[in-house]
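Give the three-dimensional model of this entry:
(chains A and B)
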Amino acid sequence: MRRAGFVSEMLGFCRDCLADNPDRVRRCRTCGSPRLVTHPQLAKLAIAHVDCDAFYATIEKRDNPSLRDKPVIVGGGKRGVVATACYVARTFGVKSAMPMFQARRLCPHAEVVPPDMAKYARVGREVRALMLDLTPLVEPLSIDEAFLDLGGTERLHGMIAAKALARFAKEVETKLGITISIGLSANKFLAKIASDLDKPRGFSVLSPEEAPSFLAPRPVTFIWGVGKVFGETLARDGYRTIADLQRADETELMRRYGVEGQRLARLARGIDQRPVSPDRETKSVSAETTFATDIADQRTLERLLWELCEKVSARLKAKEIAGTTVTLKLKTADFRLRTRARSLPAPTQLAAAIFEQGRELLAREVNGTQFRLLGIGISALTGDEDADPADLVNARAQRTAAAEHAMDRLRDRFGRGAVIRGRSIED
Amino acid sequence: MKVTVERADLLKSLSHVHRVVERRNTIPILANVLVRAERSQLSFKATDLDLEVIESISAEVSPGGVTTVPAHMFYEIVRKLPEGAQIVLEATGDRATMSIRAGRSRFTLQTLPESDFPDLAAGDMAHKFTLAAADLKRLINKTQFAISTEETRYYLNGIYLHTAGSAKNLTLRAVATDGHRLAQVDLPAPAGAEGMPSIIVPRKTVGEIQRLIEDMDGDVTVELSPAKIRFTVGSVVLTSKLIDGTFPDYGRVIPHANDKLLEVERRDFEQAVDRVSTVSSERGRAVKLSIAPGKLTLSVTNPDSGSATEELEIVYEAEPIDIGFNSRYLLDIAAQIDGDTAVLKLADPGSPTLIEEKGRHDALYVLMPMRV
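The predicted structure follows:
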């Protein structure tokens, strides 16, 4: 990477006042803050992983200061799970995805706040807007997490990437009232590891040079995508730690594990060439809903299914894509997950076509069973140029498609409620 | 029951019947084949509840009897026994087993009582006619490729068999379509076909009957009722349920009025389509036909890998037109044309195209274009 002359002299800077500081000082010479970033490769690194700290809980605390010093759990109703626990609650052992009753047992005095997804999505968009001020190369991973590539932005910002990120973190705190943690490195794999090292309000730097020794003692399952089963396979083959993988020959790992072996060999050495891509390829589009009370009635389920199909279809149309495999997802009252999939002869993006498949899959599952969740998704995605081809024997298909496209145009002009299909009106 | 039989006869018979038995069965009896021995006849019956095959061969029987054994295992055993072997099947009522002996090999298979074996009650078959195997082969071979596999439109999952035309010129017609392409084949209606119900023969049945008549001449007897069809091919009797549904009014979509006529050498065309579609990333992507007087240019563009074009001489006098087709569908149809010259009857890039063999009208194909 290009380095401007004045940057190469710099050894570190203060995250609070952004003043340059030489190495080995413990507090900022300008403002006295201990929050200094120093790293020999600081000026060379430009790929960051940004993660909001206890995102939902932080937003709730921001909006209700009386919660500030209390353990706060954001989670659904009486039977939901923990969506986010604030750092105070985490000290009691409360974790994300833990059943609510367990969280309440661990931390009985916690304040439980029902999630307000619309609000979090709004704040998430605000964070993203600030990210896009830094670089157009923002790859969102979820509502509160993203990779940023600041390569080549040094002249634009008049400062190295590390400093621009520190300034961004300050900006998020002052403008949005939430805190973030930043991991900075030269690739996505290491940046994501780095952001986990210092949390909350963290800033950690992990250079590719130090990555091999940093990674070496860790178990192979530390590598993203190596789960329990693959981890056991690797252990059986003598690869327990990342050091074992570092010693192995890349060709040998490829021979044993195929393309995954190549990935392991490289990641073990801290090498990751995946670019930060703002429009990461969508693999599937889906929508689901958990009911307030369990539902067994077919008509009620169908009505909800239609709404979900419209949602999925709207997203497909917005992205100009279409899919071939329709997957219905149901969760029974006793938490058993059922997924049923079916492939279409040609890709579709129409709500009516997705619904037709979904309804048939649903009909086979409805037998008095109480369900708590219903979802519909579509995968095997392609561009929409071959979607919903004209059909020789079903002239109605073309009319349905035409009607749906006409409805979409009306909604574009007059809003979502402008026109709704008869099927979705409650009887 | 004790039966002595030639391996070759037994193997041939079992190879016909075991295929009907589904590999995975939740009902144990459906994994079995019924074995019946009586009066120097050994007969087998297998079913998947939609389809039933019965086949008889001659054998030395004494005494007779009946039992059921796992079909695939029985077939595998016989297949692995040495060629030319004499096989002895023996079952005794008190132990629920059947033994298979040949030379120094001996197998014992668990049996299930024949009383559990389901019967596909055929009922009354009001219509009966006889077809030459070659004619039935033609009906099936030329339409089978167009059968839909789409579960939603189950009524397209078979061949629509019915009579068409006037009483004087009655034809037995087979039609299959998956919504993208349609195939229609006619035969002069055999005696006895008049007044038959219009039926949809399921895909699996079509496949089985196709294999049975693959290398035989002779005649096939067809019997049918509104709910079932039965084919008798030599010593094999195949009975099948029909698809209970209404086949769409296909006549509406056959574009007889298309007036842009293109004649092309069938073989050259087929090979050219096959060649240019090599650069498609997936099977069956669009091939573009740029048609001008005397010249057809086939082209495929794949943004990921490259492009291909090929020119062909054709007979064409109408105004130039560009139209796209799924290359696999085009190849499927080209393969059905027996003669040297194929005729494409086109209207416009968005409307169905009719394809037939030059000078013949007893088989036609309709293909929906793709956007290119």
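
so where is the stretch 251-400 of chain A shaky, pLDDT-wise?
Residue ranges of the stretch 251-400 of chain A with pLDDT under 70: A:280-281.

mind checking the SS state of the closest residue to chain A within the stretch 1-150 of chain B?
In the stretch 1-150 of chain B, the residue that lies nearest chain A is B:Glu150 (5.2 Å; Cβ to the nearest Cβ). (Each C-beta comes from the backbone N, C-alpha and C, glycine too.) Following DSSP: H, G, I helix; E, B strand; the rest coil, B:Glu150 is assigned to coil.

Checking the residue of the stretch 51-200 of chain B found nearest chain A next. Helix, strand or coil?
Proximity of the stretch 51-200 of chain B to chain A (Cβ to the nearest Cβ) peaks at B:Gly179, 4.2 Å away. Put simply, B:Gly179 is coil when judged by three-state DSSP.

so what's it closest to, chain neighbours aside?
A:Asp391 (4.2 Å; Cβ to Cβ, 6 or more residues apart in numbering or on different chains).

sec struct for the one you found, please.
coil.

Tell me the residue of the stretch 51-200 of chain A that sits nearest chain B?
For the stretch 51-200 of chain A, Cβ to the nearest Cβ, closest residue to chain B: A:Glu139, 22.0 Å.

For B:Arg23, which non-adjacent residue is closest in space?
B:His72 (7.1 Å).

same for the helix or strand harbouring the one you found, what does it pack against?
Using DSSP states H and E, B:His72 falls within helix B:71-80. Judged by 3 or more Cβ pairs under 8 Å, 6 or more residues apart in numbering or on different chains; DSSP states H and E, helix B:71-80 is in contact with helix B:7-17, strand B:32-38, strand B:97-102, strand B:105-110.

per-residue pLDDT, the residue of the stretch 201-350 of chain B found nearest chain A?
Closest residue of the stretch 201-350 of chain B to chain A, Cβ to the nearest Cβ: B:Pro248 (4.1 Å). As predicted, B:Pro248 sits at a pLDDT of 92.

cool, the one 3 residues further on as well?
As predicted, B:Gly251 sits at a pLDDT of 91.

State the distance from it to B:Leu354.
Remark: distance between B:Gly251 and B:Leu354 (Cβ to Cβ, to the nearest Å) = 13 Å.

Which one of the two is surrounded by more residues?
Set side by side, B:Gly251 and B:Leu354 show more neighbours around B:Leu354, with 21 against 10, by other Cβ atoms under 10 Å in any protein chain shown.

Leaving out chain neighbours, which residue sits closest to A:Leu392?
B:Val253 (4.8 Å).

hang on, the earlier thing: who's in contact with the residue nearest to B:Gly179?
A:397-398, B:179-180, B:368 (Cβ atoms under 8 Å, 6 or more residues apart in numbering or on different chains).

can you put the helices and strands packed on helix B:71-80 in JSON lines and add mean neighbour count?
Listed next are the helices and strands packed on helix B:71-80 as JSON lines, based on neighbours: other Cβ atoms under 10 Å in any protein chain shown:
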{"stretch": "helix B:7-17", "mean neighbour count": "19"}
{"stretch": "strand B:32-38", "mean neighbour count": "23"}
{"stretch": "strand B:97-102", "mean neighbour count": "18"}
{"stretch": "strand B:105-110", "mean neighbour count": "15"}
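
now those in TSV, with mean pLDDT and distance to A:Arg68?
Formatted as TSV, the helices and strands packed on helix B:71-80 follow (pLDDT from 0 to 100; distance: least, Cβ to Cβ, whole Å):
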stretch	mean pLDDT	distance to A:Arg68
helix B:7-17	93	78
strand B:32-38	95	73
strand B:97-102	94	79
strand B:105-110	95	73
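
Nearest to B:Arg211 among these would be which one?
Distance to B:Arg211, taken as Cβ to Cβ, is lowest for helix B:7-17 among the helices and strands packed on helix B:71-80, at 7.8 Å.

re the thing from before, wait, the residue nearest to A:Leu392 touches B:Leu182, no?
Yes: assessed by Cβ atoms under 8 Å, B:Val253 is found in contact with B:Leu182 at 6.7 Å.

So between those two, which is more surrounded?
Looking at B:Val253 and B:Leu182 with other Cβ under 10 Å, you find the greater number of neighbours at B:Leu182, namely 26 against 20.

next structured bit after the host helix or strand of the more buried one?
According to DSSP H and E, B:Leu182 maps onto strand B:181-188. Next in sequence after strand B:181-188, counting helices and strands by DSSP H and E, comes strand B:199-202.

helices and strands around that next one, which ones?
Applying 3+ Cβ pairs under 8 Å, 6+ apart, one finds that strand B:199-202 makes contact with strand B:158-164, strand B:236-241.

Who does A:Phe373 form a beta bridge with?
Slight slip there: residue A:373 is Leu, not Phe. Beta-bridge partners for A:Leu373, by DSSP bridges, are A:Thr290, A:Lys331.

What residues does it make contact with?
Going by Cβ under 8 Å, 6+ apart, A:Leu373 touches A:288-291, A:329-331.

State the distance from it to chain B.
Distance of A:Leu373 to chain B, given as Cβ to the nearest Cβ, to the nearest Å: 24 Å.

What residues of the host helix or strand of A:Arg105 count as buried?
Here A:Arg105, judged by DSSP H and E, is contained in helix A:100-106. Using 16 or more other Cβ atoms under 10 Å in any protein chain shown as the test for burial, helix A:100-106 gives A:100, A:103-104, A:106.

Could I get the phi/psi values of the nearest residue to A:Gly383 once chain neighbours are set aside?
Counting by Cβ to Cβ, 6+ apart, A:Gly383 lies nearest to A:Ile321, which is 6.2 Å off, once chain neighbours are set aside. When read as degrees, to the nearest 10, the backbone of A:Ile321 gives phi -130, psi 170.

Flag the shaky bits of chain B, pLDDT-wise.
Short version for chain B, where the test is pLDDT under 70: B:122, B:283-284.

can you list the residues of it near chain A?
B:148-153, B:156, B:177-182, B:248, B:250, B:253, B:286, B:350, B:352, B:366, B:368, B:370-371 (Cβ under 8 Å from any Cβ of the partner chain).

What about B:Pro255, how many residues nearby?
B:Pro255: 15 neighbours (other Cβ under 10 Å).

Sorry, slip of the keys, the one I care about is B:Lys142.
B:Lys142 is flanked by 23 other residues according to other Cβ under 10 Å.

likewise B:His361?
Neighbours around B:His361, by other Cβ under 10 Å: 8.

Check the one 3 residues further on too.
Using other Cβ under 10 Å as the criterion, B:Leu364 is surrounded by 23 other residues.

Compute the inter-axis angle for the helix or strand containing it and strand B:181-188.
Using DSSP H and E, B:Leu364 falls within strand B:363-367. Strand B:363-367 and strand B:181-188 are oriented at 170 degrees to each other (axes from the mean of the first three to the mean of the last three Cα atoms, to 10 degrees).

Need the phi and psi values for the residue nearest the centre of chain A.
By Cα atoms, centre = their mean, chain A has its centre lying nearest to A:Ser142, at 2.2 Å. The phi/psi pair for A:Ser142 (degrees, to the nearest 10) reads phi -160, psi -170.
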